[in-house]
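> My questions concern the predicted model and sequence given below.
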Amino acid sequence: MELQFSKYQGTGNDFVMIDNRLQIFPKNTALIKKLCDRRFGIGADGLLLLENDSETDFKMVYYNSDGNESSMCGNGGRSIVAFAKKLGIVDSETTFMAIDGAHFATIDATETVALQMKNVDEIKIANDYVFMNTGSPHHVELVSDLKNVDVKNEGAKIRYSDLYGNAGSNVNFVAQINPDTFAVRTYERGVEDETLSCGTGVTAVALAMFATGKTTSQNVHLNVEGGSLTVTFKEKENKFADIFLIGPATFVFSGCVEI
């Protein structure tokens with residue numbers, strides 16, 4: 001069968017998008033892995049299905065490039081909002097369902113999407129790292145020379161360490177640029193490599209930098225390998241709410257592939 005798809009990217013984090021409201025897509029791990037392959041497939045960090053939902057505008061189902069369904073993806077969430085707008089499902093705002101619950105989002109004429117993330121009530125602050133779940137688990141660690149960090153190998157060591165067990169964690173290496181701006185490089189589990197951007201990752205970094213006193217701003221700018229994102233939030237007694245991940249979500253191309 002011929003499968004129609006669209007390709008979107010959010011600060012370099014790229015995704016295959018499929019309108020699956022008619023439940024036409026065979027949810028096969030090997031197929032998803034092949035479609036995401038950069039040499040033998042379309043090429044992407046992940047694949048997203050847009051499906052019907054009885055309570056919200058649509059449902060987002062996210063798969064990593066290894067073919068397995070995964071936890072929340074912030075840049076994927078922003079990108080699927082842009083895809084839903086292109087399909088005529090939403091206009092300037094929406095509420096959609098994801099694996100971690102309902103998300104509210106807005107999109108403007110410049111394709112900037114502001115996605116509300118889940119509240120964060122628990123943060124683990126250790127001597128040399130911070131850990132939290134922002135829809136996906138994230139290890140956050142400040143480094144002195146971000147440019148020369150071997151993200152793939154050093155990230156894998158932490159991801160597969162006894163610290164996080166079989167489930168593992170995404171790993172973010174961070175450098176401070178000024179009081180409210182940080183540079184981030186992320187190792188993503190499921191991709192098992194560095195990606196150009198990670199939405200739940202930069203969200204975790206922004207909250208971690210505030211929680212550890214590295215910034216006093218609740219409007220934090222994050223420079224990633226694929227561009228720039230902003231995270232805004234409200235904090236009360238070390239609990240974070242009204243968290244928004246803000247940045248571009250861009251259509252790349254569309255096509256058909258035989259499966």
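Good, I have the coordinates.

> For residue 201, which non-adjacent residue is spatially closest?
Nearest non-adjacent residue to residue 201, counting by CB to CB, 6 or more residues apart in numbering: residue 186, 4.3 Å away. From N, CA and C alone the C-beta is placed, and that goes for glycine too.

> How far off centre is the helix or strand containing the one you found?
Secondary structure assigned from DSSP states H and E places residue 186 in strand 181-188. Distance, stretch centre to chain centre, for strand 181-188: 12 Å (CA atoms, centre = their mean, to the nearest Å).

> Can you point out the buried residues in the very next helix or strand once past it?
As assigned by DSSP H and E, the chain's next helix or strand after strand 181-188 is strand 193-195. Going by neighbour count (16 or more other CB atoms under 10 Å), the buried part of strand 193-195 is 194-195.

> Just list what the helix or strand following strand 193-195 packs against, helices and strands only.
Counting by DSSP H and E, the next helix or strand C-terminal to strand 193-195 is helix 199-211. Under the contact definition 3 or more CB pairs under 8 Å, 6 or more residues apart in numbering; DSSP states H and E, helix 199-211 sits against helix 74-86, strand 130-133, strand 137-142, strand 170-178, strand 181-188, strand 219-224, strand 227-236, strand 239-248.

> Go through those and pick out the most buried.
helix 74-86 (a mean of 27; mean count of other CB atoms under 10 Å).

> Now do the phi/psi pair for residue 22.
When quoted as degrees, to the nearest 10, the phi and psi of residue 22 stand at phi -100, psi 10.

> I'd like to know how far residue 29 sits from residue 187.
Applying CB to CB, to the nearest Å, the value for residue 29 to residue 187 is 22 Å.

> and if you look at residue 40?
From residue 40 over to residue 187 (counting by CB to CB), the distance is 24 Å.

> Quick one: the strands in the stretch 1-150 of the chain, in order.
Assigned by DSSP state E, counting those that start in this stretch, the strands in the stretch 1-150 of the chain fall at 2-10, 13-19, 46-51, 59-64, 93-98, 101-107, 112-116, 124-125, 130-133, 137-142.

> Make JSON lines from those and add distance to residue 230 and mean pLDDT to it.
Shown next, in JSON lines, are the strands of the stretch 1-150 of the chain (distance: least, CB to CB, whole Å; pLDDT from 0 to 100):
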{"stretch": "strand 2-10", "distance to residue 230": "13", "mean pLDDT": "97"}
{"stretch": "strand 13-19", "distance to residue 230": "15", "mean pLDDT": "98"}
{"stretch": "strand 46-51", "distance to residue 230": "22", "mean pLDDT": "98"}
{"stretch": "strand 59-64", "distance to residue 230": "21", "mean pLDDT": "98"}
{"stretch": "strand 93-98", "distance to residue 230": "18", "mean pLDDT": "98"}
{"stretch": "strand 101-107", "distance to residue 230": "13", "mean pLDDT": "98"}
{"stretch": "strand 112-116", "distance to residue 230": "9", "mean pLDDT": "98"}
{"stretch": "strand 124-125", "distance to residue 230": "23", "mean pLDDT": "98"}
{"stretch": "strand 130-133", "distance to residue 230": "19", "mean pLDDT": "98"}
{"stretch": "strand 137-142", "distance to residue 230": "17", "mean pLDDT": "98"}
